[in-house]
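Trainee: Just need the structure, nothing else, for what follows:
(one chain, ligands or ions: 2)
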Amino acid sequence: MSDTPKILLRGDEIENLREIDVYVDNGGYEGFKKALQMGSDGVINEVKAANLRGRGGAGFPTGVKWSFIPKDEPVKYVAVNADESETGTFKDRLIMETNPHQLIEGALICAYAIKATAVYIYLRGEFWDVAHELDKRIAEAREAGYLGENILDSGWSCEMYTHLGAGAYICGEESALLNSLEGYLGQPRVRPPFPANKGGGLYKEPTVVNNVETLSNVPWIIVNGADEYKKIGTDQSTGTKLFCVSGHVKNPGVYELPFNTTFRELLFDVCGGPRKEGTSFKAMLPSGGSGPIVPLTDEVLDSPMTYEDTAKLETIIGSASLIIMDDTVDITWVASKVIKFFRHESCGKCTPCREGTYWLDKVVDRIMAGEGRERDIQLIDNVAKNMQGLTLCALADFAANPIIHTIRHFPDDFMQHVKSDEELAAAGD
Ligand SMILES: Cc1cc2nc3c(=O)[nH]c(=O)nc-3n(C[C@H](O)[C@H](O)[C@H](O)COP(=O)(O)O)c2cc1C
Ligand code: SF4
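Mentor: Ligands and ions are numbered 1, 2, ... in the order given. This is a model prediction of the structure:
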């Protein structure tokens, strides 16, 4: 673990890395200059060969996404997803605060690869101070000749802007993000057309949407090559990942580790184990509120934190926002908190999501108040299962997860709150 190079959190080791002079002294913008020599196809092929996967949650191969952009369209865009709205996720902010030029450089390489005319960095509304700082860094890059007309005599011109949202979770979903950027209500779009297609992207032009962490990997890949990148992690989960750990551990924080690190190594060796003496780990939400919860058994603890291994555990690594719960936690309470979040954040466009989150919240509240019946557990399980796969975006699936998987893994936590039919009959109810 300790031999792995730091790709993203170099700001921990290099003082003032956020300033362009320091960044350039430490190899900054070499990747961009090399990219200009490699040409668009060369860059896309290198990123494909590195098997860089999207860090926003879905893990889609980045080079493949870039290759979907039509070459012959005159206007194309890059939208950087800095909405960072998933519960328990606080990594993109750290990159932007400590190593902003690496994001700017990565976004520039992407823009060059697809020959985009402009890059928009979309930040959640609460990140106004980060946006202000990024504006200064973008101005430094422009001053150095990396943005504007005929960049470094390449014949290619590009601009970069920041844009603040209003702090809505749904604006992290890529098509809602594009609507919000255009000034419309932040609601997901019907697809197809997809963002990469004419008609589906920003202002209807082909657009790549990539997460901050994804793009920040790109300069390293271009400088060091795909083969070096693939030496870190596994074939299907290459490179390092920023793991955000919160909850009942001694040392919560953001840690950059190779994907094939196990949950046990992260939670015990790095994070110091359970926060309080006499407690043990009970459960983990590995991808914030949106991914399936898992009990922290030995099998889970010994699993590598890769896309492929977490799939075997019937969960996801997603944005790697690990929320850790010890054995003092009532999982029904967790389900009630998470479903309240999704009810609040549903944009309301699709009936299963709008009505489903409302009813799940209402019935879980009833259970938490001690007024639930055993059959309410079956009821919410059914409602949640009927929300899946039916909506315009994945928020409804995310909202169903905390119900389905908490009931599946922790039925006793629910049973302690409800009355059985026999008890109700005996009470004359
Ligand atoms: C409800 C919802 C919220 C999302 N929020 C974020 C977010 O805050 N940040 C992010 O990068 N991706 C988020 N995504 C994923 C984006 O839609 C998209 O897949 C991602 O920006 C693509 O970039 P990547 O390929 O680099 O991961 C969200 C998806 C959904 C369905
Ligand atoms: S699933 Fe929910 S959040 Fe997504 S578009 Fe439909 S109503 Fe909106």
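
Trainee: Need the three-state assignment for the residue nearest to the spatial centre of the chain.
Mentor: In the chain, the residue lying closest to the centroid (Cα atoms, centre = their mean) is Gly56, at 3.0 Å. Three-state assignment for Gly56 (DSSP: H, G, I helix; E, B strand; the rest coil): coil.

Trainee: ok, for it, nearest residue in space, not its chain neighbours?
Mentor: Asn211 (3.5 Å; Cβ to Cβ, 6 or more residues apart in numbering). C-betas here are computed from N, CA, C, even on glycine.

Trainee: Make sure the one you found is actually in contact with Val78.
Mentor: No - in this structure, Asn211 is not within contact of Val78 by Cβ atoms under 8 Å, at 11.8 Å.

Trainee: Mind checking which of those two has more residues around it?
Mentor: Val78 (30 against 24; other Cβ atoms under 10 Å).

Trainee: can you pull the contacts of the residue in the stretch 51-200 of the chain that ligand 2 sits nearest to?
Mentor: Taking Cβ to the nearest ligand atom, ligand 2 has its nearest neighbour within the stretch 51-200 of the chain at Pro188, 4.0 Å off. Going by Cβ atoms under 8 Å, 6 or more residues apart in numbering, Pro188 touches 170, 173, 175-176, 179, 347, 349, 392-393.

Trainee: and those near ligand 1, which?
Mentor: When contact is defined as Cβ under 6 Å from any ligand atom, the contacts of Pro188 meet ligand 1 at 170, 173, 393.

Trainee: Spell out the secondary structure type for the residue lying closest to the second one once chain neighbours are set aside.
Mentor: Distance criterion Cβ to Cβ, 6+ apart; nearest residue to Glu173, sequence neighbours excluded, is Cys393 at 4.9 Å. Secondary structure state of Cys393, per three-state DSSP, is coil.

Trainee: ok, now Arg137?
Mentor: With three-state DSSP as the basis, the three-state label of Arg137 is helix.

Trainee: how about it, what does it touch?
Mentor: With Cβ under 8 Å, 6+ apart, Arg137 has these contacts: 18, 20, 100-101, 104.

Trainee: So which of the residues you listed are in helices?
Mentor: 20, 100-101, 104 (DSSP state H).

Trainee: Only the buried subset of those, as a PyMOL command please.
Mentor: Of the ones in helices among the contacts of Arg137, the buried ones go into a single PyMOL selection, burial set by 16 or more other Cβ atoms under 10 Å:
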select buried, resi 20+100+101+104
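
Trainee: Present the ones in helices among the contacts of Arg137 as JSON lines; the columns should include distance to ligand 1.
Mentor: JSON lines is the format used below for these (distance: Cβ to the nearest ligand atom, whole Å):
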{"residue": "Ile20", "distance to ligand 1": "24"}
{"residue": "Pro100", "distance to ligand 1": "17"}
{"residue": "His101", "distance to ligand 1": "19"}
{"residue": "Ile104", "distance to ligand 1": "16"}
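
Trainee: circling back to that earlier point, gap between the closest residue to the residue of the stretch 51-200 of the chain closest to ligand 2 other than its chain neighbours and Ala168?
Mentor: Computed as Cβ to Cβ, 6+ apart, the closest residue to Pro188 that is not its neighbour in sequence is Cys393, at 4.0 Å. Plainly put, Cys393 is 13 Å away from Ala168 if you go by Cβ to Cβ, to the nearest Å.

Trainee: Which neighbours do those two have in common?
Mentor: In contact with both Cys393 and Ala168: Ala176, using Cβ under 8 Å, 6+ apart.

Trainee: residues in contact with stretch 51-58?
Mentor: 59-63, 65, 81, 86, 172, 210-214, 217-218, 221, 226, 229-230, 235-239, 241-242, 287, 290, 307, 316, 318-320.

Trainee: Strands - which of those land there?
Mentor: Per DSSP state E, strands hold the following members of those: 81, 210-211, 241-242, 287.

Trainee: Where neighbours are concerned, which of those has the most?
Mentor: So for the ones in strands among the contacts of stretch 51-58 (other Cβ under 10 Å), the most neighbours sit at Lys241, 29 neighbours.

Trainee: Thought Asn260 was touching that one, still the case?
Mentor: No - using Cβ under 8 Å, Lys241 is not in contact with Asn260, being 10.0 Å away.

Trainee: what sits in contact with each of these two?
Mentor: With Cβ under 8 Å, 6+ apart as the test, Lys241 and Asn260 both reach 233, 305.

Trainee: which SS class is Tyr120?
Mentor: Quick answer, by three-state DSSP: Tyr120 is strand.

Trainee: quick one: contacts for it?
Mentor: Contacts of Tyr120 (Cβ under 8 Å, 6+ apart): 77-80, 160-163, 181, 202.

Trainee: now swap in Val208 and tell me
Mentor: Contacts of Val208 (Cβ under 8 Å, 6+ apart): 65-66, 69, 77-79, 110, 114, 116, 195-196.
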